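**Q** My questions concern the predicted model and sequence given below.
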Amino acid sequence: MIAGSHHLAIYNFGVHTGSYLTASVQGFALREPLNFEAAARAVGFLGRSGYEGEPGPESWSELVFPRFLMETGRASGVSSLSLWRDIESLMAFTYAGVHADALKHARHWNERQAWPPLVLFWIEAGVFPSWAEAVRRFELLADRGPTAEAFSFKTTFAADGSMIEIDRQRVKDLSAKNVEGQAELLSLVRTLPV
């Protein structure tokens with residue numbers, strides 16, 4: 001396998017406790033643009049899909065949701081789809097800094113769910129995954145558990161399908177760089193209501 005021949009995609013999906021503009025999810029709404037900016041500054045971030053008809057990056061395809069949305073009786077959920085250089089870069093962003101603050105408070109904004117919060121999968125470099133492909137992988141993880149085709153941070157695979165261990169020291173080093181690069185964002189986040 002040629003180094004850098006694949007990129008890591010992450011798709012997550014959840015359902016808020018109220019509509020996007022309600023007070024119950026205000027903390028999320030205020031943090032969302034700061035999370036997007038923190039990701040853009042993070043080491044290893046390659047890009048994210050936008051949402052059709054909304055300001056921001058171009059959507060990689062038509063937005064679709066997992067079948068689990070129907071079980072909630074809601075018309076839409078909260079989801080994101082992005083690409084990263086490798087798993088350590090993604091983990092460093094996810095569990096430190098601005099995004100870690102959002103994770104800490106997520107229970108205030110999101111309903112408890114019986115499905116996984118996210119799915120990771122490798123995709124050929126230069127290809128943007130569609131929302132439909134991300135949802136397919138998400139449902140695959142929910143139905144079959146982690147495989148090389150659809151996995152999570154708990155059980156990880158390389159692009160060639162072999163199981164791998166996360167380099168925790170590299171995650172720490174990248175986290176430190178990321179937090180340094182988002183210092184003013186983190187200061188702002190700490191002033192926001194939950």
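**A** Cool, got the structure. Please read all numbers here as calculations on a predicted model, not as lab measurements. Residues are numbered from 1 along each chain as shown.
**Q** Show me the strands in the protein, by range?
**A** With DSSP state E as the criterion, the chain has strands at 6-14, 45-48, 78-84, 118-124, 156-157, 163-164.
**Q** And those strands: which comes nearest residue 184?
**A** strand 45-48 (17.9 Å; CB to CB). Placement of C-beta: from N, CA and C, glycine included.
**Q** what comes into contact with that closest one?
**A** 7, 36, 39, 57, 80-85, 89, 93, 128 (CB atoms under 8 Å, 6 or more residues apart in numbering).
**Q** Could you list the buried residues of it?
**A** Buried residues in strand 45-48, counted by 16 or more other CB atoms under 10 Å: 45, 47, 48.
**Q** partners of that strand, with directions?
**A** According to DSSP bridges, strand 45-48 has the following sheet partners: strand 78-84 (antiparallel).
**Q** For residue 22, give me the pLDDT.
**A** pLDDT recorded at residue 22 is 87.
**Q** What count of nearby residues applies to it?
**A** For residue 22, the count of nearby residues is 12 (other CB atoms under 10 Å).
**Q** any idea of the angle the longest helix anywhere in the chain forms with strand 78-84?
**A** Assignment by DSSP state H gives helix 26-41 as the longest helix of the chain. Counting by axes from the mean of the first three to the mean of the last three CA atoms, to 10 degrees, helix 26-41 lies at 10 degrees to strand 78-84.
**Q** residues near the residue lying closest to residue 97 once chain neighbours are set aside, how many?
**A** Closest residue to residue 97 apart from its sequence neighbours, by CB to CB, 6 or more residues apart in numbering: residue 179 at 4.6 Å. Applying other CB under 10 Å, we find 18 residues neighbouring residue 179.
**Q** State whether residue 179 and residue 96 are indeed in contact, as I suppose.
**A** Yes. Counting by CB atoms under 8 Å, residue 179 does reach residue 96; the two are 5.6 Å apart.
**Q** Please enumerate residues in contact with the worst-scoring helix or strand of the chain on mean pLDDT?
**A** Within the chain, no helix or strand scores below helix 68-72, which has a mean of 91 by mean pLDDT, DSSP states H and E. Residues from elsewhere that reach helix 68-72, judged by CB under 8 Å, 6+ apart: 13, 15, 76, 77, 111, 113, 114, 115, 142.
**Q** That'll do, ta.
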